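Peer 1: Structure, please.
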Amino acid sequence: MTATSGAGPSGAGPVRDEDAFDVPRVASWLRENATDAGGLDGIPEVGQFGGGASNLTYLLRYAASATAPAGRDLVLRRPPAGTKAKGAHDMRREHDLQAALAPVFPLVPRMVACCQDHEVLGSDFYVMERVAGIILRRNLPVELGLDADTTRRLCVAAVDTLADLHAVDVDDAGLAGLGRGPGYVGRQVAGWSERYRKARTPDVPDAEAVMAWLAAEQPPDVATVLIHNDFRFDNLILDPTDPTRIVGVLDWELATVGDPLMDLGSALAYWVQADDDLVMQRMRRQPTHAPGMLTRAEVVARYTERAGLVVSPQQWRFYEVFGLFRLAVIAQQIYYRFVHGQTTNPAFAEFGAAVAYLDYRSRSILESRG
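Peer 2: Now for the predicted structure:
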């Protein structure tokens with residue numbers, strides 16, 4: 001039995017053929033290695049979450065049993081198949097970071113097990129408890145009944161959650177070792193530039209003008225904090241009884257210790273507001289255009305006020321362009337895998353055009369503001 005077909009459990013769809021795995025083998029390993037094996041008898045129903053474009057995420061739904069009368073839902077994360085950037089998709093790191101962070105930032109899921117034996121699934125993977133709640137995708141579900149006022153409250157809660165994460169004491173959490181000391185901004189500019197050059201395909205721009213500007217204009221680090229590096233609404237879990245309240249933060253693959261404004265700039269690269277152009281609107285993956293949502297400028301103002309930082313519009317321009325360029329690199333790395341047949345997900349066919357647009361948007365910001 002492999003996780004390949006059929007209707008997936010609630011909240012997840014069928015498992016794509018290319019992402020299938022031996023479910024009984026994983027279930028057997030999990031029973032023997034979980035921190036809490038209650039409710040893990042039998043073989044779970046498996047579905048695949050389709051929101052992400054990097055690591056693969058599955059729902060393991062166990063039926064009700066004597067040790068778990070309501071059943072038990074777990075989430076499994078593993079890397080994608082194909083060539084991976086050095087240091088990327090580190091399941092042990094992602095698992096251990098969340099385990100360490102939980103006592104000081106309770107919005108991370110509880111870890112269940114981490115496996116580095118490739119005989120079990122074909123790669124490292126880890127399993128965590130599923131946090132029940134709502135995850136927003138492209139549009140606000142009508143059934144949530146959010147008007148402009150409640151949508152604004154949700155938006156402010158999201159911004160405040162990021163600021164609260166940045167306020168975590170990394171020493172108390174035992175996570176200071178994730179950082180490499182001063183110079184985070186410079187390392188990021190150099191690192192993402194190198195990744196782009198390595199992943200570039202002939203049909204996308206060379207982005208040399210943007211990379212040169214970032215290298216020349218980079219500011220010093222404003223602080224050294226724990227950053228998420230992929231902070232978006234589709235990585236937040238909302239309370240089903242009060243959708244303006246955030247009860248979980250997911251996808252810690254890229255989390256590290258670094259500059260908080262770089263994290264905010266990366267988050268706002270995904271932030272499509274109501275007055276953006278049609279191409280940007282097409283790229284939208286979260287409901288940041290909805291009435292009541294803050295604009296990007298309002299997000300920056302709210303965040304800096306809560307974090308106690310002062311950033312001028314001229315200073316913010318660097319972080320805005322960096323965020324767009326970084327998103328272009330992420331899209332290009334995925335597009336590279338698609339072009340070379342390492343993934344067959346048809347959604348990735350459009351990523352090359354997205355890369356070209358993000359380069360154009362970055363250059364437009366530079367040209368329009370001097």
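
Peer 1: Please list all residues in contact with the nearest residue to residue 206 once chain neighbours are set aside.
Peer 2: Computed as CB to CB, 6 or more residues apart in numbering, the closest residue to residue 206 that is not its neighbour in sequence is residue 200, at 6.9 Å. Quick note: C-beta positions are derived from backbone N, CA and C, even for glycine. By CB atoms under 8 Å, 6 or more residues apart in numbering, residue 200 lies in contact with 206, 207, 332, 336.

Peer 1: Looking at those residues, which one is closest to residue 164?
Peer 2: Nearest to residue 164 among the contacts of residue 200 is residue 332, at 32.0 Å by CB to CB.

Peer 1: Surely the closest one is in a helix?
Peer 2: Yes - assessed with DSSP: H, G, I helix; E, B strand; the rest coil, residue 332 lies in a helix.

Peer 1: so what's it scoring on pLDDT?
Peer 2: Looking at residue 332, its pLDDT reads 97.

Peer 1: Tell me, how many residues neighbour it?
Peer 2: Residues near residue 332, counting by other CB atoms under 10 Å, number 28.

Peer 1: Please report the distance of the residue nearest to residue 206 from residue 356.
Peer 2: 11 Å (CB to CB, to the nearest Å).

Peer 1: Then residue 45?
Peer 2: Relative to residue 356, and taking CB to CB, residue 45 is found at 41 Å.

Peer 1: What of residue 136?
Peer 2: For residue 136 relative to residue 356 (CB to CB), the value is 27 Å.

Peer 1: More neighbours: those two, which one.
Peer 2: residue 136 (25 against 18).

Peer 1: Verify the stated contact: that one with residue 287.
Peer 2: Yes - counting by CB atoms under 8 Å, residue 136 does reach residue 287; the two are 5.8 Å apart.

Peer 1: any shared contact partners between these two?
Peer 2: Joint contacts of residue 136 and residue 287 (CB under 8 Å, 6+ apart) are residue 233.

Peer 1: Can you get me a residue count around residue 299?
Peer 2: 22.

Peer 1: SS state for the nearest residue to it once chain neighbours are set aside?
Peer 2: Excluding the flanking residues, the one nearest residue 299 by CB to CB, 6+ apart is residue 159, at 5.6 Å. Using three-state DSSP, the structure places residue 159 in helix.

Peer 1: Identify the residues contacting residue 159.
Peer 2: Contacts here follow CB under 8 Å, 6+ apart; on that basis residue 159 touches 294, 299, 302, 303, 306.

Peer 1: What score does it have for pLDDT?
Peer 2: Per the predicted model, pLDDT is 98 at residue 159.

Peer 1: roughly how far apart are it and residue 140?
Peer 2: Noted for residue 159: a distance of 17 Å to residue 140, by CB to CB.

Peer 1: Residue 301 now?
Peer 2: Distance of residue 301 to residue 140, computed by CB to CB: 23 Å.

Peer 1: These two: which is more packed in?
Peer 2: Higher neighbour count among residue 301 and residue 140: residue 140, with 22 against 14, using other CB under 10 Å.

Peer 1: hang on, isn't that one packed against residue 151?
Peer 2: Yes - contact criterion CB under 8 Å: residue 140 and residue 151 qualify, at 6.9 Å.

Peer 1: Please indicate which of the contacts of residue 200 has the highest neighbour count?
Peer 2: The contacts of residue 200, ranked by neighbours (other CB under 10 Å): first place residue 332, 28 neighbours.

Peer 1: got the contact list for it?
Peer 2: Contact analysis of residue 332 by CB under 8 Å, 6+ apart lists 196, 199, 200, 201, 204, 351, 352, 355.

Peer 1: can you check residue 55 too?
Peer 2: Residue 55 neighbours (CB under 8 Å, 6+ apart): 77, 78, 79, 80, 89, 251, 253.

Peer 1: again with residue 335
Peer 2: Neighbours of residue 335 in contact, by CB under 8 Å, 6+ apart: 199, 201, 204, 348, 351, 352, 355.

Peer 1: which of those residues are buried?
Peer 2: Buried residues within those, defined by neighbour count using 16 or more other CB atoms under 10 Å: 199, 204, 348, 351, 352, 355.

Peer 1: Among the residues you listed, find me the one that's closest to residue 31.
Peer 2: Taking the buried ones among the contacts of residue 335 together and measuring to residue 31 by CB to CB, the closest member is residue 348, at 35.2 Å.

Peer 1: quick one: pLDDT of that closest one?
Peer 2: Residue 348 is given a pLDDT of 93.

Peer 1: where does the closest residue in space to it that isn't next to it in sequence land in three-state SS?
Peer 2: Spatial nearest neighbour of residue 348, excluding adjacent residues (CB to CB, 6+ apart): residue 338 at 3.9 Å. Classification of residue 338 by three-state DSSP places it in helix.

Peer 1: How much space separates residue 338 from residue 56?
Peer 2: Distance, residue 338 to residue 56, by CB to CB: 15 Å.

Peer 1: could you dump the buried ones among the contacts of residue 335 to CSV with secondary structure?
Peer 2: Shown next, in CSV, are the buried ones among the contacts of residue 335 (three-state DSSP):
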residue, secondary structure
199, helix
204, coil
348, helix
351, helix
352, helix
355, helix
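
Peer 1: So which elements touch whichever strand or helix holds residue 197?
Peer 2: Assigning secondary structure by DSSP states H and E places residue 197 in helix 184-199. The contact analysis (3 or more CB pairs under 8 Å, 6 or more residues apart in numbering; DSSP states H and E) places helix 184-199 against helix 208-217, strand 256-258, helix 260-268, helix 313-339.
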